[in-house]
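Visitor: after the sequence you'll find the predicted model.
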Amino acid sequence: VIVRGFVDLFVMDKLYFVGVYVSGSGSDVRRFRCGNDRKERVVVVGQQCSGRLRSRRVSGMLSMSSASKLEALIFDCDGVLADTERDAHRVAFNIAFAERQLDTVWDTELYGHLLETGGGKERMTAHWNRVGWPSVVSDEKARIELVRELHARKTQVFMDLIESGKIPLRNGVVELVDQALVAGIPIAVCSTSNELAVAKIVGLMGAERAKEIRIFAGDIVSNKKPSPDIYLLAKDTLDLRAEKVVVVEDSFIGLQAAKDAGMKCVITKSTYTVNEDFSRADKIYDELAKDNVSLATLTDLI
């Protein structure tokens, strides 16, 4: 690892000098103490990075006195970090059903409707409550156990699909995360999905980024989206003011949860959500990268 230069970075009206590190290959994250206050900062760099390029890019992201207004950036997971619902979660559910020889197949259209229910276990329960339960279960205890076992198997299949590299991160996600890391803005992910599955997707950003991101997921709250509970938990745990938080969501139920928690919420549309009602959103985007969404863009909402 060699130092290729220094860049100037304005954060909260103060000038800091940040060293640029370039590793031999891939992307890298380095912490070191710098600046007038000597606080520890995080810098994310890559193989193609040069001192001059880094200076231009970082300055463009963070030369703004308003950065201090934003207290945290929170992402939903599925549909926001990666477009996982159709080609990962749905496929994993169907594999789990087939392994148990259940007469249940969720096609793409049906699954779009099922997403109106947040949470995988809740989704299976709601579906079978509506169409009838598989004949292999005869009472409530057996139904709960079937759902639990299927969801555990589905989660493992899902993680295998992510591990295979078939589901990429959405464009613009890593860039936005890097900007928040450099600015010292806390990052979290709030999802109705299983925590292991969420961690697998967050891990696609690289271990150094992932360890900076707090995950709130799965059954950590009893009431899942559209209930605001998971966002309220994140707010209380991270000691945030709701009105100073921006959430990135992709669905109607996620939008309802974020807004009912008192937070700003922007939408980045995903495969299943392009036609949902986003009238409560503070901003609506087709894609973060395509629409040039930056930390400055989101901070301006506060």
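Guide: Yes, it's here.
Visitor: hmm, what's the outermost residue in the protein?
Guide: Distance to the chain centre peaks in the chain at residue 138, reaching 38.0 Å (criterion: Cα atoms, centre = their mean).
Visitor: tell me where this structure has helices.
Guide: Under the criterion DSSP state H, the chain contains helices at 51-62, 90-99, 108-114, 120-131, 140-163, 173-183, 195-202, 207-210, 229-237, 252-260, 295-299.
Visitor: which residues are contacting the longest one?
Guide: With contact meaning Cβ atoms under 8 Å, 6 or more residues apart in numbering, helix 140-163 is reached by 82, 84, 87-89, 91-93, 95-97, 99-100, 120-121, 124-125, 128, 133-134, 136-137, 167, 194, 196-197, 200-201, 204. Every C-beta, even on glycine, is put in place using the N, C-alpha and C of the backbone.
Visitor: one more time with 7 Å
Guide: For helix 140-163, the external contacting residues (Cβ atoms under 7 Å, 6 or more residues apart in numbering) are 88-89, 91-93, 95-96, 99-100, 120-121, 124-125, 133, 137, 167, 194, 196-197, 200-201.
Visitor: surely residue 232 and residue 260 touch.
Guide: No. The criterion here is Cβ atoms under 7 Å, and residue 232 misses it with residue 260 at 8.8 Å.
Visitor: can you tell me how far the spatially closest residue to residue 99 that is not a sequence neighbour sits from residue 94?
Guide: The shortest distance from residue 99 to any non-neighbouring residue, by Cβ to Cβ, 6 or more residues apart in numbering, is to residue 153 (6.8 Å). According to Cβ to Cβ, to the nearest Å, residue 153 and residue 94 sit 12 Å apart.
Visitor: do residue 172 as well
Guide: 30 Å.
Visitor: what do you get for residue 136?
Guide: Using Cβ to Cβ, residue 136 is found at 17 Å from residue 94.
Visitor: and the two? Which one has more around it.
Guide: Neighbour totals were compared for residue 136 and residue 94, and residue 94 leads with 18 against 11 (other Cβ atoms under 10 Å).
Visitor: the more buried one is in contact with residue 104, isn't it?
Guide: No. Counting by Cβ under 7 Å, residue 94 stays clear of residue 104, with 8.0 Å between them.
Visitor: measure residue 136 to residue 175 for me?
Guide: Going from residue 136 to residue 175 by Cβ to Cβ gives 47 Å.
Visitor: next: residue 263.
Guide: Taking Cβ to Cβ, one finds residue 263 at 22 Å from residue 175.
Visitor: of these two, who's got more company?
Guide: Remark: of residue 263 and residue 175, residue 263 carries more neighbours, 25 against 17, as counted by other Cβ under 10 Å.
Visitor: tell me the confidence at the more buried one?
Guide: Per-residue pLDDT puts residue 263 at 98.
Visitor: what does it show for phi and psi?
Guide: The phi/psi pair for residue 263 (degrees, to the nearest 10) reads phi -100, psi 160.
Visitor: could you find the closest non-adjacent residue to it?
Guide: Spatial nearest neighbour of residue 263, chain neighbours left out: residue 245 (4.5 Å); criterion: Cβ to Cβ, 6+ apart.
Visitor: in contact with the one you found, which residues are there?
Guide: Per Cβ under 7 Å, 6+ apart, neighbours of residue 245: 71-72, 74, 235, 263-264.
Visitor: just flag the most distant two among those residues.
Guide: The distance between the two most remote of the contacts of residue 245 (Cβ to Cβ) is 12.5 Å, for 235 and 264.
Visitor: quick one: which of the contacts of residue 245 is nearest to residue 295?
Guide: Using Cβ to Cβ, residue 72 comes nearest to residue 295 of the contacts of residue 245, at 11.8 Å.
Visitor: so that closest one sits against residue 239, correct?
Guide: No. Here residue 72 lies out of contact with residue 239, judged by Cβ under 7 Å, at a distance of 9.7 Å.
Visitor: tally up the residues packed near residue 287, please.
Guide: Residue 287: 16 neighbours (other Cβ under 10 Å).
Visitor: that concludes my questions; thank you for your assistance.
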